[in-house]
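# Provided below for reference: sequence and predicted model.
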Amino acid sequence: MKSAIIIGAGFGGLALAIRLQSAGVQTTIVEARDKPGGRGYYWERQGFTFDAGPTVVTDPPCLQELWELSGSDMADDVDLISVMPFYRLNWPDGTNFDYSNDQAALNAEIAKLNPADVTGYARFLEYSKGVYEEGYVKLGSAAFLDFASMIKAAPALMKYQAWRSVYSVVSSYVQDERLRQALSFHTLLVGGNPMSTSSIYALIHTIEKEGGVWFARGGTNRLVAGMVALFERLGGVIRLNDPVERILTEGNRATGVVTKSGWRGEADAVASNGDMMHNYAALLKDHPRGAKAAKALKRKRWSPSLFVVHFGVKGHYPDIAHHSILFGPRYKGLLDDIYKTGTVPEDFSLYLHHPTATDPHMAPEGYSTFYVLAPVAHLGKSKVDWDGGFGDQFEAAILDEVERRVLPGLKANLATSFHCAPTDFGRDLNAHLGSAFSLEPVLWQSAYFRAHNRDDVISNLYFTGAGTHPGRNSGSSAAPRRLRL
């Protein structure tokens, strides 16, 4: 029987492991942390369940496919609940905008901002559907392993003016600045600046519109648990609490891994769901390929980091949506702080996650669970001492803003809180510069220009996850479909 070892139990690693095990390849996942999930980690504190990272499922069939490979049904392991509205957007002037795929309701929301933009939005939607077809359906799971494959895709990408930014394209269709923000903020969810990320990423709007927005009952951690359960039923093995320290090679072939505990695993192929810089600079430091690839990666642009405050609060808050976006007084200026200057802003644009709006069991009786997220510059731009007193100050300032905008009495009813800063991304996930999303998704770092799923030199070494293409989404495009064993 052929065998494979996968480094990291994030969504990409789990998806690849399920594919391999379903195909009869004996697969072992080696995970550094005490729980699987990668950025989908979680904590249980004082009766509250706090998901660490992703909170939105936008393409359920992509996940269902993983179960269907072995004739299983995802519903046996994961209960997905539809979230409506998808997001409630809020501006400092008190304007609320409920964003959903209910077309009549959405048109009414747009008309509240600017009646003339209803027609413009319809035109933007047609544009988004076009880039969705070309950029996601046709190319989303295509491996660009040589430049020729990129050239073949170029005409379709150029047809949709891929060199323009999402914000620029949105602005050509709608006039109201709030609506421009509402239709362009999605790139921030994958680490991209709306002002510079390729307009191809406008396809996210259609992904949500076609597939809806979903939440796993019990939290994203239950989606992780469901994937693990499926993998283990198929005969796969997961090793936890044992970081891989080196990928073993013979010539230009990977032969296995060595872990911190001294465990040595051999396999016909090795794949990593880890940070791309860590893969090359640390795990392949004994192979010439490692230093060369790491040097190239250091020259690339890396996505920003995040500052996330998890908190539990007494009471129930039915008027606060499951997902809220609290825009600040600045848009472009704040984005410049995050992506260009590295300034830690005193004003905020925040993502507020309220899982107990959908599943009350994620908090003790009579309480609610939240997290609030602020994009911040990565450690290569910002020199803030996050581990000193500044992290606590920033947490307090963010909670003050949430209290002022949407949750009166927050501080008085606060039961527990803690935060995760860019330094935590670096420590917990080996994320280069504390980046929360790996390489920034600008045009010249997408498709062929992103890290390849199969290494260009070590022929049986593969990669999956946010730093690769394909690899950004959980499910069918989260992992290479074919491994040369």
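Now that the structure is in, tell me what you want to look at.

# from here on, just use CA atoms for contacts and neighbour counts.
OK.

# where does the stretch 1-150 of the chain have low pLDDT?
Low-confidence segments of the stretch 1-150 of the chain (pLDDT under 70): 135, 137-150.

# surely K300 and L439 touch.
Yes - proximity of K300 to L439 meets the contact threshold set by Cα atoms under 8 Å, at 7.3 Å.

# and the two? which has more neighbours close in?
Neighbours of K300 and L439, each counted by other Cα atoms under 10 Å, are more numerous for L439; the result is 27 against 13.

# list the contacts of the closest residue to that one other than its chain neighbours.
In space, L439 comes closest to W302 once its chain neighbours are excluded; the distance is 4.4 Å by Cα to Cα, 6 or more residues apart in numbering. Contact partners of W302, counting by Cα atoms under 8 Å, 6 or more residues apart in numbering, are 378, 433, 435, 437-440.

# show me which of those residues are buried.
The neighbour-count test (16 or more other Cα atoms under 10 Å) marks 378, 433, 435, 437-440 as buried among those.

# most widely separated two among these?
The largest separation in these, counting by Cα to Cα, is between L433 and E440 at 12.3 Å.

# backbone dihedrals for S168, please?
The phi/psi pair for S168 (degrees, to the nearest 10) reads phi -60, psi -50.

# so it versus A162, what's the distance?
11 Å (Cα to Cα, to the nearest Å).

# which one of the two is surrounded by more residues?
A162 (21 against 17).

# isn't that one up against T197?
No - with contact defined as Cα under 8 Å, A162 does not count as touching T197 (9.2 Å).

# pLDDT on stretch 446-456, on average?
Average pLDDT, stretch 446-456: 80.

# overlap in contacts, K300 and L439.
In contact with both K300 and L439: Q445, using Cα under 8 Å, 6+ apart.

# which of the contacts of W302 lies closest to G71?
Minimum distance to G71 across the contacts of W302 is 32.8 Å, recorded for F437 (Cα to Cα).

# angles on the backbone of that closest one, please.
phi -130, psi 10.

# S3 now?
Dihedral angles for S3 - degrees, to the nearest 10 - are phi -140, psi 160.

# wait, it touches Q26, no?
Yes - using Cα under 8 Å, S3 is in contact with Q26, at 4.6 Å.

# who has more neighbours out of those two?
Per other Cα under 10 Å, whichever of S3 and Q26 has more neighbours is Q26, with 20 against 17.

# I'd say R180 and V169 touch.
No - between R180 and V169 there is no contact under Cα under 8 Å: 9.4 Å.

# neighbour count: those two, which is higher?
Looking at R180 and V169 with other Cα under 10 Å, you find the greater number of neighbours at V169, namely 23 against 20.

# check the gap between the residue nearest to the more buried one when sequence neighbours are not counted and Q161 for me.
In space, and not counting its chain neighbours, V169 is closest to S199: 6.6 Å by Cα to Cα, 6+ apart. Distance of S199 to Q161, computed by Cα to Cα: 7 Å.

# looking at these two, which one has more neighbours?
Taking neighbours as other Cα under 10 Å, S199 and Q161 compare with S199 leading, 28 against 15.

# and the more buried one, what does it touch?
160-169.

# and it, backbone torsions?
Here S199 shows phi and psi, under degrees, to the nearest 10, equal to phi -60, psi -20.

# per-residue pLDDT of it, please?
For S199, the pLDDT comes out at 85.

# all helices for the stretch 201-350 of the chain, in order.
203-211, 220-233, 276-278, 288-298, 332-336 (DSSP state H, counting those that start in this stretch).

# and what of the stretch 1-150 of the chain?
Under DSSP H, counting those that start in this stretch, the stretch 1-150 of the chain gives helices at 11-22, 60-68, 103-113, 117-132, 147-159.

# quick one: which of these is nearest H278?
Using Cα to Cα, the nearest of those to H278 is helix 11-22, at 15.5 Å.

# which neighbouring elements make contact with that closest one?
strand 3-7, strand 26-30, helix 60-68, helix 220-233 (3 or more Cα pairs under 8 Å, 6 or more residues apart in numbering; DSSP states H and E).

# to G38, which of these lies closest?
Across the helices and strands packed on helix 11-22, G38 has its closest neighbour in helix 220-233 (9.4 Å, Cα to Cα).

# show me what contacts the nearest residue to L373 once chain neighbours are set aside?
Nearest residue to L373 in three dimensions, chain neighbours excluded: V308, at 4.4 Å (Cα to Cα, 6+ apart). Counting by Cα under 8 Å, 6+ apart, V308 makes contact with 371-374, 419-421.

# now do L350
Neighbouring residues of L350 by Cα under 8 Å, 6+ apart: 325-328, 372-375.

# tell me where the model's unsure across the stretch 151-300 of the chain.
The stretch 151-300 of the chain contains residues with pLDDT under 70 at 151-160, 163.

# hang on, the earlier thing: format the helices and strands packed on helix 11-22 as TSV; extra columns: distance to A397.
Listed next are the helices and strands packed on helix 11-22 as TSV, based on distance: least, Cα to Cα, whole Å:
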stretch	distance to A397
strand 3-7	38
strand 26-30	39
helix 60-68	36
helix 220-233	27
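
# of all the ones you listed, which one is nearest V406?
The nearest among those, by Cα to Cα, is helix 220-233 at 24.1 Å.

# which other residues reach that closest one?
With contacts defined as Cα under 8 Å, 6+ apart, helix 220-233 is touched by 11, 14-15, 17-18, 21, 36-37, 40-42, 51, 54-55, 67, 74, 77-78, 216, 237-238.

# pull out the buried positions in it.
Buried residues in helix 220-233, counting neighbours by 16+ other Cα under 10 Å, are found at 220-228, 230-232.

# from A75, how far out is the closest residue to K383 other than its chain neighbours?
Closest residue to K383 apart from its sequence neighbours, by Cα to Cα, 6+ apart: G342 at 8.0 Å. Computed as Cα to Cα, the G342 to A75 distance reads 44 Å.

# what sits against G290?
The contact partners of G290, by Cα under 8 Å, 6+ apart, come to 279-284.

# again, but for P115
Contacts of P115 by Cα under 8 Å, 6+ apart: none found.

# try it again at 10 Å.
107-109, 176 (Cα atoms under 10 Å, 6 or more residues apart in numbering).

# looking at the residues you listed, spot the one nearest L203.
Nearest to L203 among the contacts of P115: N107, at 19.2 Å, using Cα to Cα.

# ok, and the closest non-adjacent residue to A436?
Closest to A436 by Cα to Cα, 6+ apart is S305, at 4.6 Å.

# can you count the residues close to that neighbour?
S305 has 27 nearby residues by other Cα under 10 Å.

# i'd like the first residue to be 275 from this point on
Noted, 275 is the first residue going forward, which turns the last one into S579.

# now do the strands in the stretch 525-674 of the chain.
Along the stretch 525-674 of the chain, counting by DSSP state E, counting those that start in this stretch, strands occupy 527-533, 538-540, 543-546, 579-588, 597-600, 624-627, 641-650.

# now those as a markdown table including distance to Q320?
Formatted as a markdown table, the strands of the stretch 525-674 of the chain follow (distance: least, Cα to Cα, whole Å):
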| stretch | distance to Q320 |
| --- | --- |
| strand 527-533 | 33 |
| strand 538-540 | 38 |
| strand 543-546 | 34 |
| strand 579-588 | 9 |
| strand 597-600 | 23 |
| strand 624-627 | 19 |
| strand 641-650 | 11 |
